[in-house]
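A.B. asks: only geometry, no sequence info:
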């Protein structure tokens, strides 16, 4: 049951990322700076910039050369472009920034450079998705951990889910722990009215259940059908989780 639900969630997640414009393929451009960045040749890039080509130039999708470099994972190119005042928080037609591109591509070295230069760690795209949520939905675990540890707001959700619930659905207990340490709200429900605790119980994720309860999750909060986490655990025959819930319910 839960393998199917997780598969369905991942299918929806991929659709959401596609609609949101995350992971867009970069179109070829007439701009020679795009061509230079795509080549990865720093000398060529510097030569083009010295000719007065603006690093803020965009292609037909509104993407900048900084976004292209972020997609390629070239931190050294990012540094050169930013030194020439490339706009760090520029957005393409879908509202994605270079940080969003790097977050879904898994390039932590690029993310570090962008954040050092003032990239908005919580900057959403047109769908309201932040780099943190996009990283979790893209299964970029290391990026999600880094963003959460670097101060990304863990309570900004989009498309009916939150970073915490997305991490639970993905089975990423380590991210759940980090988000909770960063004050993720353990009571924040998704579009279906489910709390993080109910989501964890329904997926038999005992470690996430323990983390949520320690963080103050309401052990008696019900789902839209009026079922408590304990009733769900009992119905699903998860005795270990049921025992943990009983301990907290008796306090």
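C.D. replies: Sure, I can see it. Keep in mind that what you see is a predicted model, and the values were worked out from it rather than measured.

A.B. asks: what residues are up against residue 45?
C.D. replies: Residue 45 is in contact with 33, 36, 37, 77, 80, 81, counting by C-beta atoms under 8 Å, 6 or more residues apart in numbering. Any C-beta I mention is one placed from the backbone N, CA and C, and that applies to glycine too.

A.B. asks: Tell me the pLDDT of it.
C.D. replies: At residue 45, the model reports a pLDDT of 95.

A.B. asks: and the gap between it and residue 113?
C.D. replies: Distance from residue 45 to residue 113, counting by C-beta to C-beta, to the nearest Å: 15 Å.

A.B. asks: again with residue 151
C.D. replies: Applying C-beta to C-beta, the value for residue 151 to residue 113 is 16 Å.

A.B. asks: Most neighbours among the contacts of residue 45, which one?
C.D. replies: The most crowded member of the contacts of residue 45, judged by other C-beta atoms under 10 Å, is residue 37 (30 neighbours).

A.B. asks: I'd say that one and residue 65 touch.
C.D. replies: Yes: between residue 37 and residue 65 there is a contact under C-beta atoms under 8 Å: 4.8 Å.

A.B. asks: Give the residues shared as contacts by those two.
C.D. replies: Shared contacts of residue 37 and residue 65, counting by C-beta under 8 Å, 6+ apart, come down to residue 81.

A.B. asks: list the contacts for residue 234?
C.D. replies: So, once contact is read as C-beta under 8 Å, 6+ apart, residue 234 ends up touching residue 242.

A.B. asks: Which element, helix or strand, includes it?
C.D. replies: Secondary structure assigned from DSSP states H and E places residue 234 in helix 229-235.

A.B. asks: by contact count, what packs against the very next helix or strand once past that helix?
C.D. replies: Reading on from helix 229-235 to the C-terminus, the next helix or strand found by DSSP H and E is helix 239-249. If contacts are counted by 3 or more C-beta pairs under 8 Å, 6 or more residues apart in numbering; DSSP states H and E, helix 239-249 sits against helix 206-214, helix 229-235.

A.B. asks: Nearest to residue 104, out of the ones you listed?
C.D. replies: helix 206-214 (23.6 Å; C-beta to C-beta).

A.B. asks: buried residues in stretch 218-234?
C.D. replies: Buried residues in stretch 218-234, defined by neighbour count with 16 or more other C-beta atoms under 10 Å: 218, 219, 221, 223, 227, 228, 229, 230, 231, 232, 233, 234.
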